[in-house]
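In: sequence unknown, structure follows:
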């Protein structure tokens, strides 16, 4: 339940003030006086992540549906151990044998959309499926550091 994005999506009909919700959104996306975004997205130097890579879109969608049915539809975070089980089952990347674990990697190591998604996914959150030059991916962000 600790995701910043989920409560905003499901809490739109709550009793809170509209202006307050808008400013929270801007605080998490915008930059503060220090030049760093409030949630650390886009400002870190390293990300620790797991991923699932599939050549075919249908296969990645099947894996994502399992994540949705198990956790995401309830607004829960996918436990790394459960993500690792799915990566072992579905991923066509050599990292799949290690539960999709990519370890820590610096900005600039991964290409194009993979890096963009990895560095913009909040810690503990799982990305939606996306396409890169290598195929279709789902990323679980496990940590950030400078």
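Out: That came through, no problem. Owing to the predicted nature of the structure, the values given are computational and were not obtained by experimental measurement.
In: per-domain residue ranges of the chain.
Out: 1-39, 46-145 (automatic domain parsing).
In: which residues sit in contact with residue 117?
Out: 127, 130, 137, 139 (Cβ atoms under 8 Å, 6 or more residues apart in numbering). (C-beta placed from N, C-alpha, C; glycine too.)
In: What is the neighbour count of the closest residue to it other than its chain neighbours?
Out: Once flanking residues are discounted, residue 117 sits nearest to residue 127: 5.0 Å by Cβ to Cβ, 6 or more residues apart in numbering. Neighbour count for residue 127, taken as other Cβ atoms under 10 Å: 19.
In: Okay, residue 127 and residue 82: tell me how far apart.
Out: 16 Å (Cβ to Cβ, to the nearest Å).
In: Same question for residue 73.
Out: Per Cβ to Cβ, residue 73 is found 14 Å from residue 82.
In: next one: residue 111
Out: Taken as Cβ to Cβ, the span from residue 111 to residue 82 is 27 Å.
In: And those two? Which one has more around it.
Out: The neighbour count for residue 111 versus residue 82, taken as other Cβ under 10 Å, is higher for residue 82 (16 against 11).
In: Of all the strand elements in the protein, which one is longest?
Out: In the chain, assigned by DSSP state E, the strand with the most residues is strand 135-145.
In: Contacts for that one, please.
Out: Against strand 135-145 from outside (Cβ under 8 Å, 6+ apart): 40, 44-57, 59-60, 63-64, 67, 78, 80, 83, 92, 100, 104, 114, 117-118, 121-131.
In: Tell me which of those residues fall in helices.
Out: Per DSSP state H, helices hold the following members of the contacts of strand 135-145: 57, 59-60, 63-64, 67, 80, 83, 114, 117-118.
In: tell me the two of the residues you listed that are most distant?
Out: Within the ones in helices among the contacts of strand 135-145, two members stand farthest from each other by Cβ to Cβ: 57 and 80, at 24.5 Å.
In: quick one: least confident helix or strand in the chain?
Out: Sorting the helices and strands of the chain by mean pLDDT, DSSP states H and E puts helix 18-29 at the bottom, at a mean of 34.
In: what bits of this structure have low per-residue confidence?
Out: By pLDDT under 70, the low-scoring segments of the chain are 1-42.
In: what's the straight distance from one end of stretch 103-111 to the other?
Out: Criterion Cα to Cα, to the nearest Å; first-to-last residue distance in stretch 103-111 is 16 Å.
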